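K.L.:
predicted coordinates and the sequence they were generated for:
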Amino acid sequence: MRILVVKGDGIGPEIVPEGQRCLEAASEAFGLGLTFQEDFIGFDGIKKYGHACPEEVIERIRDADGALFGPHNNVDYPPEHQAYANPSGIIRRGLHLHANLRPSKTRQGVPAHVPKMDIVIARENMEGFYADRNMHAGGGEFMANPDLAQSIRNISRTASTNIAVAGCDFAMQRRKKVTIIHKANVMKLTDGLWREACLDVTSKYPELEVEEVILDAFAAHIVRRPQDFDVVICSNMYGDIFSDLASELAGGLGLGGSINASHTDCIAQCAHGSAPDIAGKNIANPTAMIVSAAMMLTWLAVKHEKPAFNLAANAIEIALSTQLAKGRTRDLGGDMDCDEFGAAVAVRIKA
């Protein structure tokens, strides 16, 4: 299988190769047959193509089996390249990556705000209040007059069904429990449709335990009893907020891996940004990129019915947790460099 490697900006050229290194180790250990090719977004995309996220890269991701997608620093792009959406928005819309799956997991040796957590936020990625992606033409935000700004929120049965299926499929690889988050007691039409679509999907997974939690109540429960949740299915803005909260509770965004996926395409992309202030110093934490790479293997295992990819993903997770317990990068209180940490995880994968 072919994996496209897109390093991006800031710390991307440091952390993405460590994700690739761990995938190469897993491929060797489990006979996955992964091959890797490279292309460019961000500042390097502008240099090569004249665009921070060119159509050529989107097509190459579509043709590949998966991609490692680095962070971007669009706030520092030249003005003419800030007039269009950032690379993440372009790639998600261009490939219709409707599912954003973000795990948060406490690990031995990593300081956390809760004693135990291992959840995945399954975030709908294409609509909601996000004005850069919820309209075919025009924007989802507008001003009726200088003192009144308005925003349209889209909740469709199709998009709600898509993320519910993605969340349920992922839960089947885990502890087989899903939690549906909504505010249907107040937003009876939009969250009401969301709730109805999600419950319709979960009814087709009799092996799953299913619960509903009202939005504001979940904000309390994720702090009070995070160990009780497995896969949490959220609409776009709710999922964006709760995934950051969950990451911070578990130890910080440096651990925040994620995948963005459609029915046919998947990219491994950290939940954090490009951290330009530490770029080039070899001190970034590649954990989130390694977690993202392992999640992509789980997605590929389901899509292609290849159990070896699940075994490889589990091996990466075990190797990563073991290494975090033994030695970490500076942001987690350790003294390891970025490449040193990635190499140590790769060695454990092959052990």
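P.N.:
That came in fine, so what should we check first? Predicted, not measured: the structure shown is a model, and the values here were computed from it.

K.L.:
wait, a strand at residue 4?
P.N.:
Yes. Under DSSP: H, G, I helix; E, B strand; the rest coil, residue 4 sits within a strand.

K.L.:
do you know how far it is from residue 68?
P.N.:
According to C-beta to C-beta, to the nearest Å, residue 4 and residue 68 sit 7 Å apart. Using the backbone N, CA and C atoms, a C-beta is placed for each residue, glycine as well.

K.L.:
okay, the residue nearest to the spatial centre of the chain and residue 92: tell me how far apart.
P.N.:
Closest residue to the average C-alpha location of the chain: residue 258 at 2.0 Å, with C-alpha atoms, centre = their mean. Applying C-beta to C-beta, the value for residue 258 to residue 92 is 11 Å.

K.L.:
ok, now which ones touch the residue nearest to residue 110 when sequence neighbours are not counted?
P.N.:
Nearest residue to residue 110 in three dimensions, chain neighbours excluded: residue 251, at 4.5 Å (C-beta to C-beta, 6 or more residues apart in numbering). By C-beta atoms under 8 Å, 6 or more residues apart in numbering, the contact set of residue 251 is 106-107, 110-112, 332.

K.L.:
residue 31 too?
P.N.:
Shown in contact with residue 31 (C-beta under 8 Å, 6+ apart): residue 308.

K.L.:
okay, residue 4 and residue 68: which has more neighbours?
P.N.:
Set side by side, residue 4 and residue 68 show more neighbours around residue 68, with 28 against 20, by other C-beta atoms under 10 Å.

K.L.:
ok, the more buried one touching residue 21?
P.N.:
No. In this structure residue 68 lies outside contact range of residue 21 using C-beta atoms under 8 Å: 10.7 Å.

K.L.:
mind checking pLDDT for residue 133?
P.N.:
You'll see residue 133 listed with a pLDDT of 69.

K.L.:
please tell me how far the residue nearest to the centre of the chain sits from residue 239.
P.N.:
10 Å.

K.L.:
so for residue 258 and residue 92, which residues contact both of them?
P.N.:
Common contact partners of residue 258 and residue 92 (C-beta under 8 Å, 6+ apart): none.

K.L.:
for residue 211, phi and psi?
P.N.:
Here is the backbone geometry of residue 211 (degrees, to the nearest 10): phi -140, psi 160.

K.L.:
on the three-state scheme, the closest residue in space to it that isn't next to it in sequence is what?
P.N.:
Leaving aside its chain neighbours, residue 211 sits nearest to residue 179 (5.2 Å; criterion: C-beta to C-beta, 6+ apart). Recorded secondary structure, residue 179: strand (three-state DSSP).

K.L.:
which residues touch residue 179?
P.N.:
With contact taken as C-beta under 8 Å, 6+ apart, residue 179 is in contact with 210-213, 218, 229-233.

K.L.:
what pairs with it across the strands?
P.N.:
Using DSSP bridges, the beta-bridge partners of residue 179 come out as residue 211, residue 232.

K.L.:
how close does it get to residue 130?
P.N.:
According to C-beta to C-beta, residue 179 and residue 130 sit 22 Å apart.

K.L.:
please apply the same query to residue 70.
P.N.:
Taking C-beta to C-beta as the measure, residue 70 falls 22 Å from residue 130.

K.L.:
between those two, point out the one with more neighbours.
P.N.:
Shown here are residue 70 and residue 130; by other C-beta under 10 Å, residue 70 has more neighbours (29 against 21).

K.L.:
surely residue 215 meets residue 185?
P.N.:
No. Applying C-beta under 8 Å, one finds residue 215 not in contact with residue 185, separated by 9.3 Å.

K.L.:
can you list the domains in the chain?
P.N.:
According to automatic domain parsing, the chain comprises the domains 1-101+255-351, 113-250.

K.L.:
the nearest residue to residue 49 once chain neighbours are set aside is in what secondary structure piece?
P.N.:
With C-beta to C-beta, 6+ apart as the criterion, residue 49 has its nearest non-adjacent residue at 6.2 Å, and that residue is residue 56. Per DSSP states H and E: residue 56 is located in helix 55-63.

K.L.:
now that helix and strand 2-6, what's the angle there?
P.N.:
If you take axes from the mean of the first three to the mean of the last three C-alpha atoms, to 10 degrees, helix 55-63 sits at 150 degrees to strand 2-6.

K.L.:
buried sites along helix 55-63?
P.N.:
57-58, 60-61 (16 or more other C-beta atoms under 10 Å).

K.L.:
what's the most distant pair in those residues?
P.N.:
Within the buried residues of helix 55-63, 58 and 60 form the most distant pair, 7.4 Å apart (C-beta to C-beta).

K.L.:
if we can go back for a sec, give the residues shared as contacts by residue 258 and residue 239.
P.N.:
Overlap between the contact sets of residue 258 and residue 239, as judged by C-beta under 8 Å, 6+ apart, is given by 100, 102.

K.L.:
what kind of secondary structure is residue 308 in?
P.N.:
Three-state assignment for residue 308 (three-state DSSP): helix.

K.L.:
could you report the distance from it to residue 33?
P.N.:
Distance from residue 308 to residue 33, counting by C-beta to C-beta: 10 Å.

K.L.:
same check, this time on residue 225
P.N.:
Using C-beta to C-beta, residue 225 is found at 42 Å from residue 33.
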